[in-house]
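fold the stuff below for me.
(one chain, ligands or ions: 1)
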Amino acid sequence: MTTDMKSVRVRYAPSPTGDPHLGSVRTALFNWLFARRHGGTFILRIEDTDQGRRVDTSVLAIMEGLKWLGLDWAEGPADDGRGSKGPFGPYFQSHRLNLYHKYADQLIQTSHAYRCFCSPARLEAVRRAQQQAKVPPGYDRHCRDLPASEVEQQMAAGTPHVVRFRMPQEGATSIHDLVRGDVTWERKLLDDFVLLKSDKFPTYHLANIVDDHHMQISHVMRAEEWLPSTPRHVMLYEAFGWQHPQFAHMPLILGADRSKMSKRHGSTSVLAYRDEGYLPDAMTNFLALLGWSLDDKTEIIPREEMIRHFSIERITKAGAIFNPEKLQWINGMYIRALQPAELAEKLVPFLEKPADEGGLPATVKRPVNRAYVSKLVPLVQERLRILSEGAELTSFFFEEQLSYDPALLIQKGMDKAGTLNALKLATEQLDTQPVWGAHALEELMRALAEQLNLKAGQFFGAIRVAVTGRTATPPLFQTMEVLGKERSMARLRQSIDMLAAQA
Ligand code: GLU
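Numbers count the residues shown, from 1 in each chain. Predicted coordinates:
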């Protein structure tokens, strides 16, 4: 690459129209990684010029998503989401309208743009006629060469108007896209697009170019859907006499059916993944692999490695498939790598959620005991893929009263009387056990199984149901150790009562 990498300045320029979309955040991540890789600057710019589509809470949600993922910006909205920080601010396009007006005027002065007074009704009629004639839709350039006197007259009358770019009709425009290679567009196929709308707000095209120039953006890395806009942008740069930044268009994110990723394929808001219990490092790892790879095989790439190796050359042209199972798997890997105390810290808020939001049963008192959670965490860490699965996996550790079908206590090849006898003897022996450690408990129960002529599997199966109410749990004796003597004994006694009472 020929650019001076010392001056890498890249921007993430979301339009605040809703929650931060997964694909959009992938764009942010690639820009952030590229800036980090080259010691450059990552800028957040809010493209809020489409007043109709603006959602007020969106800027804060976008910032929240970036902060959650650790994608910090050196320039952009300040922490309160209102002011701006950085030398090229403000970083909200709605606060930069004068600048866009100035440049729209400049283009009119230099004949690169013109005022268009066509009414919405006329434009609609043109569109319908084009549809009927089966010709591509587009503005028919009605106002492109209006006599100056008519323009003056319309202006004096205060006729609402837009400003359009006078697209040259000869020749072609080419770029060298850092992902897609050389791309060329015939200019006669490009329309006289709008620069300034009748509400005096700029279109995306004008604001985007003016800002990228003024903010000294070196590389524009954005989703492929913006590629068709690029020749318009390049023509604008030429009209201003400015050099355009380098472009890199990132592949689309597709669902498993290869259609564009949408809610049908899984949550699209990155904050939904936070709320479901994905770890930010796992999420960034997963997002990085949506279109970029280290070496075609490595799946788990710590953040520092991503920064060290990120390059535009390894971004693919082909659409990236969003695979939710892969995300779960990656998250499980990151969960396993945590220290138990760290995992406990992250798990507690999920356990403490209301039962109908996936937390522990309502009968379990909040707050839960953190030290207790730290003890049980190593027993479920291997099986946990998402933090929101934690409550279901661990509820029996917390419940005061287990409820289960006592028939589950009776193991294959055993009957009620034999099970009762075995549980009673187990209870008696365990009750006298001075040291409540997994190893000692196991030795004691193995010896008893032998004495009773039972297979360890049978005997332990009955104890397992008695102390957990479940047939599948983490290792039994470690579980009993964490549960503690008092709780374990109470549960064993309860199981005997329940089984005895069963007809
Ligand atoms: N505001 C555009 C968006 O929401 C930015 C496109 C660009 O990066 O140029 O995606």
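
all contacts plus neighbour counts: C-alpha atoms, from now on.
Will do.

for the protein, which segments count as strands?
Here the chain has its strands, by DSSP state E, at 9-12, 41-44, 76-77, 84-85, 113-116, 162-165, 172-177, 181-186, 194-196, 219-223, 246-250, 253-254, 320-321.

note down every partner strand of the fifth one and its orientation.
Note on strand 113-116: by DSSP bridges, its sheet partners are strand 162-165 (antiparallel).

pLDDT score for Glu450?
According to the prediction, Glu450 has pLDDT 97.

adjust the sequence numbering to begin at 17 for everything that follows.
With the count now opening at 17, the last piece we talked about shows up as Glu466.

against Met349, how distant is it?
Here Glu466 is placed at a distance of 39 Å from Met349 (Cα to Cα, to the nearest Å).

between the two, who's got more neighbours?
Taking other Cα atoms under 10 Å, Glu466 and Met349 do not tie; Met349 has more neighbours (17 against 12).

find the nearest non-adjacent residue to the residue of the stretch 417-519 of the chain found nearest the ligand, please.
Per Cα to the nearest ligand atom, Pro490 is where the stretch 417-519 of the chain lies closest to the ligand, at 46.3 Å. Among residues not flanking Pro490 along the chain, Leu395 sits closest, at 5.8 Å (Cα to Cα, 6 or more residues apart in numbering).

quick one: the one you found and Phe493 touch, right?
No - between Leu395 and Phe493 there is no contact under Cα atoms under 8 Å: 10.8 Å.

give me the number of residues near Arg486?
Neighbour number of Arg486 under other Cα under 10 Å is 18.

tell me the residues of the stretch 117-266 of the chain that contact the ligand?
Arg238 (Cα under 6 Å from any ligand atom).

which residues of the stretch 117-266 of the chain score low on pLDDT?
Within the stretch 117-266 of the chain, not a single segment meets pLDDT under 70.

residue of it nearest the ligand, please.
Counting by Cα to the nearest ligand atom, the stretch 117-266 of the chain gets nearest the ligand through Arg238, at 4.7 Å.

okay, and the beta partners of that residue?
Legend: beta-bridge partners of Arg238 under DSSP bridges are His265.

ramachandran angles for Arg98?
phi -110, psi -60 (degrees, to the nearest 10).

so what pLDDT did it get?
What the model reports as pLDDT for Arg98 is 83.

count of residues packed around it?
Arg98 sits with 14 neighbouring residues when counted by other Cα under 10 Å.

likewise the one 5 residues further on?
Neighbour count for Pro103, taken as other Cα under 10 Å: 10.

pull up the gap between the residue in the stretch 367-516 of the chain positioned nearest to the ligand and Thr489, please.
Closest approach of the stretch 367-516 of the chain to the ligand (Cα to the nearest ligand atom) occurs at Ile402, with a separation of 29.5 Å. According to Cα to Cα, Ile402 stands 18 Å off from Thr489.

which one of these two is surrounded by more residues?
It is Ile402, of Ile402 and Thr489, that has more neighbours when counted by other Cα under 10 Å, with 22 against 16.

quick check: the closest residue to that one other than its chain neighbours vs the ligand, distance?
Excluding its sequence neighbours, the residue lying closest to Ile402 (Cα to Cα, 6+ apart) is Gly293, at 5.2 Å. Applying Cα to the nearest ligand atom, to the nearest Å, the value for Gly293 to the ligand is 27 Å.

which pLDDT does the model give Gly293?
Per-residue confidence at Gly293 stands at 97 (pLDDT).

same question, Ala336
Reported pLDDT at Ala336 in the predicted model: 95.

so how far is the ligand from it?
Counting by Cα to the nearest ligand atom, the gap from Ala336 to the ligand is 17 Å.

check contacts around that residue.
Pro267, Leu268, Ile269, Leu270, Leu306, Gly307 (Cα atoms under 8 Å, 6 or more residues apart in numbering).

ok, now how distant is it from Val199?
21 Å.

let me see the ranges of the helices in the stretch 317-466 of the chain.
Along the stretch 317-466 of the chain, counting by DSSP state H, counting those that start in this stretch, helices occupy 319-325, 340-352, 356-367, 386-396, 406-414, 432-447, 454-467.

can I get those in TSV with distance to the ligand?
Below are these laid out as TSV (distance: least, Cα to the nearest ligand atom, whole Å):
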stretch	distance to the ligand
helix 319-325	21
helix 340-352	23
helix 356-367	32
helix 386-396	41
helix 406-414	36
helix 432-447	65
helix 454-467	56
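
closest one to His260 among those?
helix 319-325 (25.9 Å; Cα to Cα).

by contact count, what packs against that closest one?
helix 38-53, helix 296-304 (3 or more Cα pairs under 8 Å, 6 or more residues apart in numbering; DSSP states H and E).

repeat that for 7 Å
Secondary-structure packing of helix 319-325 (3 or more Cα pairs under 7 Å, 6 or more residues apart in numbering; DSSP states H and E): helix 38-53.

contacting residues around the helix it packs on?
24-28, 57-58, 87, 237-239, 269, 284-286, 303-304, 323-324, 326-327 (Cα atoms under 7 Å, 6 or more residues apart in numbering).

mark which of those are buried, thanks.
24-28, 57-58, 87, 237-239, 269, 284-286, 303-304, 323, 326-327 (16 or more other Cα atoms under 10 Å).

now do the contacts for the residue nearest to Val75 when sequence neighbours are not counted.
Leaving aside its sequence neighbours, Val75 sits nearest to Pro32 (Cα to Cα, 6+ apart; 5.7 Å). By Cα under 7 Å, 6+ apart, the contact set of Pro32 is Ile62, Glu63, Asp64, Arg70, Val71, Ser74, Val75.

list buried residues within those.
Ile62, Glu63, Asp64, Arg70, Ser74, Val75.

so which of those residues is the closest to Leu446?
Within the buried ones among the contacts of Pro32, proximity to Leu446 (Cα to Cα) peaks at Ser74, which comes in at 58.4 Å.

I'd guessed that closest one sits against Gly34; true?
Yes - with contacts counted by Cα atoms under 7 Å, Ser74 reaches Gly34, the gap being 5.1 Å.
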